[in-house]
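Student: Pasting the sequence and the predicted model now:
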There are 2 protein chains.
Amino acid sequence: MAGAGRPRLVIVGAGFGGLWAARALRNEDLDVLVVDRENYHTFLPLLYQVAAAELGPTEIAYPVRSVFRGVENVDFRMAAVLDVDFDRKILTTPVEEIPYDYLILSLGSTSHFFGIEGAEEHAFPLRTMREAMPLRHHILSRFETAVQEQDEDERRRLLTFVVVGGGPTGVEYTGALAELVHGPLRQDFPRLSGDEPRIVLLEATDRLLPELPEKLGRYAGSRLERRGAEVETGAAVSSVGPDAVRLEDGRRIPTDTVVWTAGVWGAPEAGRWGLPLVRGGRVRVRESLQVPSRDEVFVVGDLAYVEDDEGSPVPQVAPAAIQEAEHAAEGVLRLMAGEKPEAFHFRDPGMLAVIGRSAGVARLRGLVFTGFVAWFLWLVVHIWKLIGFRNRILVLINWAWNYSSYERAVRLILPSGPTGERERTVRGEESEHPGDVPAGERSV
Amino acid sequence: MAGAGRPRLVIVGAGFGGLWAARALRNEDLDVLVVDRENYHTFLPLLYQVAAAELGPTEIAYPVRSVFRGVENVDFRMAAVLDVDFDRKILTTPVEEIPYDYLILSLGSTSHFFGIEGAEEHAFPLRTMREAMPLRHHILSRFETAVQEQDEDERRRLLTFVVVGGGPTGVEYTGALAELVHGPLRQDFPRLSGDEPRIVLLEATDRLLPELPEKLGRYAGSRLERRGAEVETGAAVSSVGPDAVRLEDGRRIPTDTVVWTAGVWGAPEAGRWGLPLVRGGRVRVRESLQVPSRDEVFVVGDLAYVEDDEGSPVPQVAPAAIQEAEHAAEGVLRLMAGEKPEAFHFRDPGMLAVIGRSAGVARLRGLVFTGFVAWFLWLVVHIWKLIGFRNRILVLINWAWNYSSYERAVRLILPSGPTGERERTVRGEESEHPGDVPAGERSV
């Protein structure tokens, strides 16, 4: 397996962090083994489009083995990592023990529900492919069920879609959902009068997109309203039930669909393996991204807590994961050379969010953009990233085609959608995926 | 719902039969309601390519509502039909009762296991989208598991794929699987030495493709062998177990993957609803495709038993379903006009099967073709059919792209694939789908 004498780096997680670390070390003089519970990398900034039936899963997910095909020193294992013995330097999977000389943990993050009653049970998270597909099927099924429903109140409830969280994911998903519901679905269901479907975006604080200048949050809100969504700021959720969501001000919104984009928490494995956690379930690492007491172990991406030069936490976005991954890869090479890894410095590339087709908001190098310019920037940035690996151009053309043709052949209800019964769509497995690295739903 | 005074035709099943019947009646003076358990039509002749990770589900499935968008007199319900009261002329779904004036049943067929021990439990059928996707994920997962397996015998077992049934589906799937396994997967898994994966096609009779001239069966067999598959005729299966398949001659082939393409049976609802069945679980209909005692009820497609002018059973293929559907639609119009439906006459369009890329066999108007010519005919025929409905050209380009680029981004293991555990991939729901009309895996 490992070449005789060559050190072995194991990377856990094939998200942005894991993949870019492996990429930075291709053809170097060490064996790299990437381990992920899934066999694919997910381009998470576009996940919300899968959940809104705009893109198919194959457009934003790539088999890890394809990415590294022909790269001699990078190998892959599809396996869940159950445990890490940091003293013996061994990972345990259900099938085997994997020894390492160096370790990069890029396990990402999961949804966080702030202990709100019923949220984990009844809301749909939107952080992994396994979550995006059931959500999409659930939404399409609500329409198929509503068209058979005689009771008007129940029909309205079925056609009310609530998105919780006014950050980039919530804003982007609300925009895409509004386009789906008021566009193709209105055409597909002429019997459902046009004003029945409701899309409600709930944000607990007083503004959307708190990471961006206030002006951009206001712009996003007004664009969403023009696209037929209701935007409520200062609307804190108190509980989520099977048939409604309740707000702290006492209001109750009857709905079958609550999409949860409000909270992020570091992958729970980190705590179980005894790594030191700080707020948000993230691992406190040294400036070099090494964990405090283990020189050979690095943490990158959403799971790592590290501060920028102003002392603010580095955001949990794809560009940060990529920068950290490349830095950790460099750190491994330094250790191999008997040197000391250097401190990581985050270069903030700005932030982008789109609000449906041809509108967006952006902050880039101190400048802010809105409308078509921001949307076009978003497109350029994502196209650039999508072609970061070879063959991505194929995927890109496919993507551009699907996106621009607006055909939404992806409106299939597959493969676990309800039939005539009013069961709830089966959810994806609860994620403890080492590979789900939902970094960067939004930024450049 | 139904226009005042206009008669209502209900069509159960959105396969080839159901869809073409509705299509033949668009803009006629009646209300047409298509009912299917799924919200999409599946282009079943290409289903095996989905199961071989050559195409994604969206390339061969289309939402029914999209097909009939803008057609004023055709509506759709996504629902399972639980029962039919032929006296009161009412269908029951889990949500509502649907009255009809005319009824076309196009419920298709399911797999038949001939009572072979363990087959239904352990073999993978390949007749619906819900079956194709888990099969694909299962096959890809075998490779991911094998690469972690130290025991050589177990690794060989994981990498042995057995296809039962030498008809068109079995031949086409074996060819596609051989290309997947000996092509992209060999590149993706360089550690699995090239000669380990085995693909075995078992046919109980002494020849492949019994529906076609013997020469074509021999040609298909030799092409499959050249592509790296083992072809065994006269090999009858006696039992299927969780870890092996047994043959009647006593041999045992250790395998984790048995694909069942050997038998077809009419949709079981027909018997439950009291319709008269003949062999193969098909409904005996009059020459006009009406059921014996109900003038207003037609049966079309795989579920209908009808004979051609020579007295042979009309084959259970897409072209037959389409011809019958159009004939039944005409029959409904005649009944509406107070006339008597005419007898159905099947026009045999020939038969095609492909063996991987750029090879095939064909019988057309008394002529037989093999090799590239047959493959090209197959391509032309399917392209022609794919653009039968509007917008299909978009899908076609996408399809041609994926097919020719050979990229197989569809090699994702989604969404219920195993992780590191050696669980068996979760199967699709057992099909009693009114809409699964697996007519015509093959023919023109």
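Tutor: Okay, I see it. Residues are numbered from 1 along each chain as shown, chains lettered A, B, ... in the order given.
Student: I'd like to know which residues of the stretch 101-250 of chain A are adjacent to chain B.
Tutor: A:129-130, A:133-134, A:140-141, A:144-145, A:147-150, A:187-189, A:191 (C-beta under 8 Å from any C-beta of the partner chain). Every C-beta, even on glycine, is put in place using the N, C-alpha and C of the backbone.
Student: and the residues you listed, which two are the farthest apart?
Tutor: Greatest spatial distance in those: A:Met129 and A:Gln150, 36.0 Å, computed using C-beta to C-beta.
Student: So if I had to pick from these two, which one is more boxed in?
Tutor: A:Met129 (24 against 8; other C-beta atoms under 10 Å in any protein chain shown).
Student: And the pLDDT for that one?
Tutor: Confidence at A:Met129, expressed as pLDDT, is 92.
Student: Wait, it touches A:Thr58, no?
Tutor: No. Counting by C-beta atoms under 8 Å, A:Met129 stays clear of A:Thr58, with 10.3 Å between them.
Student: Of the residues of the stretch 101-250 of chain A next to chain B, just the buried ones, ChimeraX syntax please.
Tutor: In ChimeraX, this line selects whichever of these come out buried by 16 or more other C-beta atoms under 10 Å in any protein chain shown:
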select /A:129,130,133,134,140,141,144,145,147,148,149,188,189
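Student: Return the subset of the residues of the stretch 101-250 of chain A next to chain B lying in helices.
Tutor: If you go by DSSP state H, these have A:129-130, A:133-134, A:140-141, A:144-145, A:187-188 in helices.
Student: Report the lowest-confidence entry in those residues.
Tutor: Least confident of those in the model: A:Gln187, at 84.
Student: Give me the nearest residue to it, chain neighbours excluded.
Tutor: B:Arg69 (5.8 Å; C-beta to C-beta, 6 or more residues apart in numbering or on different chains).
Student: and the one you found, what pLDDT?
Tutor: Note for B:Arg69: predicted pLDDT of 84.
Student: Am I right that it is in contact with A:Asp188?
Tutor: Yes. Assessed by C-beta under 8 Å, B:Arg69 is found in contact with A:Asp188 at 6.4 Å.
Student: mind showing which ranges of the stretch 151-300 of chain A have poor pLDDT?
Tutor: Scanning the stretch 151-300 of chain A for pLDDT under 70 picks out A:193-195.
Student: residue in it nearest to chain B?
Tutor: Proximity of the stretch 151-300 of chain A to chain B (C-beta to the nearest C-beta) peaks at A:Asp188, 4.0 Å away.
Student: need the contact list for that residue.
Tutor: A:143, A:411, B:63, B:65-66, B:69 (C-beta atoms under 8 Å, 6 or more residues apart in numbering or on different chains).
Student: hmm, try it at 6 Å
Tutor: B:Arg65 (C-beta atoms under 6 Å, 6 or more residues apart in numbering or on different chains).
Student: and what of A:Phe189?
Tutor: A:143, A:147.
Student: try 8 Å
Tutor: A:143, A:146-147, B:65.
Student: Tell me where the stretch 251-400 of chain A has strands.
Tutor: Here the stretch 251-400 of chain A has its strands, by DSSP state E, counting those that start in this stretch, at A:252-254, A:257-260, A:264-266, A:283-284, A:290-291, A:294-299, A:304-305, A:351-354, A:360-364, A:367-370.
Student: pretty sure A:Glu97 contacts A:Lys89?
Tutor: No. Contact criterion C-beta under 8 Å: A:Glu97 and A:Lys89 do not qualify, at 10.5 Å.
Student: Among these two, which residue is more densely surrounded?
Tutor: Using other C-beta under 10 Å, the more surrounded residue of A:Glu97 and A:Lys89 is A:Lys89, with 18 against 11.
Student: what's the distance between the more buried one and A:Val300?
Tutor: A:Lys89 is 18 Å from A:Val300, where distance means C-beta to C-beta, to the nearest Å.
Student: can you check A:Glu330 too?
Tutor: 12 Å.
Student: what does A:Arg365 give?
Tutor: 24 Å.
Student: Tell me which of these two has more neighbours.
Tutor: More crowded of A:Arg365 and A:Val300, by other C-beta under 10 Å: A:Val300, with 37 against 8.
Student: Would you mind confirming that the more buried one makes contact with A:Ala318?
Tutor: No. Assessed by C-beta under 8 Å, A:Val300 is found out of contact with A:Ala318, at 11.7 Å.
Student: hey, what's A:Trp265 bridged with?
Tutor: Taking DSSP bridges as the rule, A:Trp265 bridges to A:Thr110.
Student: Please read the previous query as pertaining to A:Met78.
Tutor: As for beta bridges, A:Met78 partners with A:Asp36 under DSSP bridges.
Student: Strands along the stretch 1-150 of chain A, start to end?
Tutor: A:8-12, A:31-36, A:40-42, A:61-63, A:74-78, A:83-85, A:90-92, A:97-99, A:102-105, A:109-111, A:124-125.
Student: Show me what the shortest one is packed up against.
Tutor: This means strand A:124-125. When contacts are defined as 3 or more C-beta pairs under 8 Å, 6 or more residues apart in numbering or on different chains; DSSP states H and E, strand A:124-125 packs onto helix A:129-146, strand A:257-260.
Student: show me the contacts for A:Val278.
Tutor: A:Val278 makes contact with A:284, A:305 under the criterion C-beta under 8 Å, 6+ apart.
Student: Comparing the strands of the stretch 1-150 of chain A by mean pLDDT, which bottoms out?
Tutor: strand A:61-63 (a mean of 84).
Student: What segments of the stretch 151-300 of chain A are helices?
Tutor: With DSSP state H, counting those that start in this stretch applied, the stretch 151-300 of chain A shows helices at A:152-158, A:168-182, A:184-188, A:214-226, A:269-272, listed in chain order.
Student: Deepest-packed of these, please.
Tutor: helix A:168-182 (a mean of 26; mean count of other C-beta atoms under 10 Å in any protein chain shown).
Student: quick one: contacts of that helix?
Tutor: A:48-49, A:51-54, A:126, A:139, A:161, A:163-164, A:194, A:197, A:199, A:201, A:203, A:208-209, A:211, A:220, A:223-224, A:227-229, A:231, A:259, A:261-262, A:351, A:353-357, A:359, A:408, A:441-443.
Student: And the buried ones among these, selectable in PyMOL?
Tutor: The PyMOL command for the buried members of the contacts of helix A:168-182 (criterion: 16+ other C-beta under 10 Å) is given here:
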select buried, chain A and resi 48+49+51+52+53+54+126+139+161+163+164+197+199+201+203+208+209+220+223+224+227+228+229+231+259+261+262+351+353+354+355+356+357+359+408+441+442+443
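Student: Which two of the contacts of A:Phe189 have the greatest separation?
Tutor: The span of the contacts of A:Phe189, defined through C-beta to C-beta, is set by A:Ala146 and B:Arg65 at 13.2 Å.
Student: Who has more neighbours out of those two?
Tutor: Legend: neighbour count by other C-beta under 10 Å for A:Ala146 and B:Arg65, higher for B:Arg65 (25 against 20).
Student: I'd say that one and B:Asn39 touch.
Tutor: Yes. With contacts counted by C-beta under 8 Å, B:Arg65 reaches B:Asn39, the gap being 7.2 Å.
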